[in-house]
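Engineer: one predicted model, sequence on top.
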Amino acid sequence: MGFFTGKQKRMAKKCSFYDLQRGYQSADLALERASYSGDKKELKRAMKEHQKYEYALLYRNTPEYKNKQRKKH
């Protein structure tokens, strides 16, 4: 799929689901804190981190990822 970057695909492959979930939740909290502070730079940084974990988690649900995992085993 052309929607996901190589970095997101590598994260989905190398990190466990639990690690991705934990990173997503941590990034979500950072995003919330940044929104309260009103700091645009911090908000942008937190949004990038949040998006990275979110897309890695979403990629794990795609048929492309699942087919690659089946072929590996």
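Structural biologist: Good, I have the coordinates.
Engineer: for the rest of this, base every contact and every neighbour count on C-alpha atoms.
Structural biologist: Noted.
Engineer: what average pLDDT does stretch 41-50 get?
Structural biologist: What stretch 41-50 shows for mean pLDDT is 95.
Engineer: buried residues, it. List them.
Structural biologist: For stretch 41-50, a neighbour-count test (16 or more other C-alpha atoms under 10 Å) marks Glu42, Leu43, Ala46, Met47, Glu49, His50 as buried.
Engineer: from memory the last one sits against Asp28, does it?
Structural biologist: Going back to what we said before, that points to His50. Yes - at 6.1 Å, His50 counts as touching Asp28 under the criterion of C-alpha atoms under 8 Å.
Engineer: which one of the buried residues of stretch 41-50 sits closest to Arg22?
Structural biologist: Nearest to Arg22 out of the buried residues of stretch 41-50 is His50 (C-alpha to C-alpha; 11.1 Å).
Engineer: that closest one sits in which helix or strand?
Structural biologist: helix 40-59 (DSSP states H and E).
Engineer: next one: that helix to chain centre, how far?
Structural biologist: 7 Å (C-alpha atoms, centre = their mean, to the nearest Å).
Engineer: determine the next helix or strand in the C-terminal direction from it.
Structural biologist: Past helix 40-59, the next helix or strand by DSSP H and E is helix 63-72.
Engineer: any weak-confidence spans in the chain?
Structural biologist: For the chain, the stretches with pLDDT under 70 are 1, 73.
Engineer: go again with 90.
Structural biologist: 1-3, 64-73 (pLDDT under 90).
Engineer: point to the residue nearest the middle of it.
Structural biologist: Taking C-alpha atoms, centre = their mean, the centroid of the chain lies closest to Tyr53, which sits 1.3 Å from it.
Engineer: any idea how far Leu29 is from Lys44?
Structural biologist: Here the criterion is C-alpha to C-alpha, to the nearest Å. By it, Lys44 lies 14 Å from Leu29.
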